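Visitor: here's a sequence, model it:
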Amino acid sequence: MVDVGAIIINGAISGAVFSLLALGFTLIYGVSGVVNLAHGVFFMLGAYMFSSFSSLLGEEVEGILVVSPLALLLSVILAAITVAIVAAIVYKLAIGPVIEDEVAVLVVTVSIAIVFQQIILLLFTPAFHPVPSLLRGYTIFWGLTLTYQRVMSFVVSLVLFAILWIFIAKTKIGGAMRAVSQDREVAMLMGVNTERLYMLTMAISGAFAAIAGIFIASTTTGVANAFMWLEPLALSFSIVILGGLGSIKGTIVGGFIIGYSEIIVTTIYPEIGAIVPAVPFGIMLLVLTIRPKGLFGKRIEMEE
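Guide: Residues are numbered from 1 along each chain as shown. Prediction:
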């Protein structure tokens, strides 16, 4: 018998984190038109930076690393800030100079991803780096055992969605983002510094991906590796294409659709778990046959 409660709850949690991961991808595209194929790298760096800061802030007790809840929280914040800075630098040094050439942007961002992959392989050993859990313990809800870690990832993702919406809809910088997304030339004539705005957008994109990387790595495998950027990149791409390139609303809806689809497949057909990575692409192709521009097919959707 299918456990509907498990599907509803697990799908919501997965969908929220998937949406958080893909939001950065669609945000940078919506504002600057950049298809950032290095987005998965920020996901990977988030997991590695969190692991590194946790090790620095923790202490060994009888050979076991013990990290306090406050140190773990601080590690998340430091990891997100670090990755945001890295993302801004990547834009400034590598993407900004070629932003007018779409093909060059694709080549550059793929190259960046491979470079970071090799840097991680050189700096971190062994190949699988441990990522500590943010919260321990569990609760019973609707007859389902839920770890506090998964509950927290769901709640934090929703909070970040709300913060992003308020930032875009209510702040001066958010207004500038909306203006640039609609007409870059007019926005520049009005005094908007597009270069700084793109760097800030890239930083936000990197921070969101980093937090998603921390949640997913610490909740699922418990380790980080240098090749973990590939799957989240593919997942992000399928979600934003499904929702409509540049549509924030579409990205959130698409993330939940993919999250529920994966949970339904693994719950009903656990014996074919190997095909789960293909589910996002199957859903994406199905939707695109009906709506070629995705569910909310606009370049950017940042209206108040």
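Visitor: show me what counts as buried in stretch 78-97.
Guide: 78-80, 82-84, 86-88, 90-91, 94-96 (16 or more other C-beta atoms under 10 Å). Every C-beta, even on glycine, is put in place using the N, C-alpha and C of the backbone.
Visitor: wait, I meant stretch 234-244
Guide: Neighbour-count burial for stretch 234-244 [16+ other C-beta under 10 Å]: 235-244.
Visitor: and that stretch, what's its mean pLDDT?
Guide: Computed over stretch 234-244, the mean pLDDT rounds to 88.
Visitor: just the CA trace of it, in PDB.
Guide: Output in PDB follows, covering the C-alpha atoms of stretch 234-244 (Å, rounded to 0.1, in the frame of the first residue of the first chain):
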ATOM      1  CA  ALA A 234      21.800  18.900 -14.400                       C
ATOM      2  CA  LEU A 235      19.000  19.000 -11.800                       C
ATOM      3  CA  SER A 236      19.000  22.900 -11.800                       C
ATOM      4  CA  PHE A 237      19.000  23.000 -15.500                       C
ATOM      5  CA  SER A 238      16.000  20.600 -15.800                       C
ATOM      6  CA  ILE A 239      14.100  22.600 -13.100                       C
ATOM      7  CA  VAL A 240      14.600  26.000 -14.700                       C
ATOM      8  CA  ILE A 241      13.700  24.700 -18.200                       C
ATOM      9  CA  LEU A 242      10.600  23.000 -16.800                       C
ATOM     10  CA  GLY A 243       9.500  26.200 -15.000                       C
ATOM     11  CA  GLY A 244      10.500  28.600 -17.700                       C
END
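Visitor: for the stretch 151-300 of the chain, what are the low-confidence residue spans?
Guide: Along the stretch 151-300 of the chain, segments meeting pLDDT under 70 span 271-274, 297-300.
Visitor: let's see it at 80
Guide: 183-184, 187, 189, 245-246, 268-277, 292, 296-300 (pLDDT under 80).
Visitor: so which residues of it form helices?
Guide: 172-182, 184-189, 194-219, 230-243, 248-268, 279-290 (DSSP state H, counting those that start in this stretch).
Visitor: these: which one's closest to residue 48?
Guide: Nearest of the helices of the stretch 151-300 of the chain to residue 48, taken as C-beta to C-beta: helix 194-219 at 8.4 Å.
Visitor: what angle separates the closest one from helix 230-243?
Guide: 120 degrees (axes from the mean of the first three to the mean of the last three C-alpha atoms, to 10 degrees).
Visitor: for the buried residues of stretch 78-97, which one is nearest residue 198?
Guide: The closest of those to residue 198 turns out to be residue 91 (C-beta to C-beta; 6.1 Å).
Visitor: just list the residues touching the nearest residue to the closest one once chain neighbours are set aside, thanks.
Guide: Leaving aside its chain neighbours, residue 91 sits nearest to residue 202 (4.1 Å; criterion: C-beta to C-beta, 6 or more residues apart in numbering). Residue 202 makes contact with 28, 32, 34, 36, 87-88, 90-91, 95 under the criterion C-beta atoms under 8 Å, 6 or more residues apart in numbering.
Visitor: adding distance to residue 163, pLDDT and secondary structure, write those residues out as TSV.
Guide: Formatted as TSV, those follow (distance: C-beta to C-beta, whole Å; pLDDT from 0 to 100; DSSP: H, G, I helix; E, B strand; the rest coil):
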residue	distance to residue 163	pLDDT	secondary structure
28	17	90	helix
32	21	84	helix
34	22	86	coil
36	21	91	coil
87	18	96	helix
88	19	96	helix
90	23	95	helix
91	21	95	helix
95	25	94	helix
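Visitor: could you dump those into JSON lines and include distance to residue 187?
Guide: Formatted as JSON lines, the contacts of residue 202 follow (distance: C-beta to C-beta, whole Å):
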{"residue": "28", "distance to residue 187": "16"}
{"residue": "32", "distance to residue 187": "12"}
{"residue": "34", "distance to residue 187": "16"}
{"residue": "36", "distance to residue 187": "21"}
{"residue": "87", "distance to residue 187": "22"}
{"residue": "88", "distance to residue 187": "20"}
{"residue": "90", "distance to residue 187": "23"}
{"residue": "91", "distance to residue 187": "18"}
{"residue": "95", "distance to residue 187": "19"}
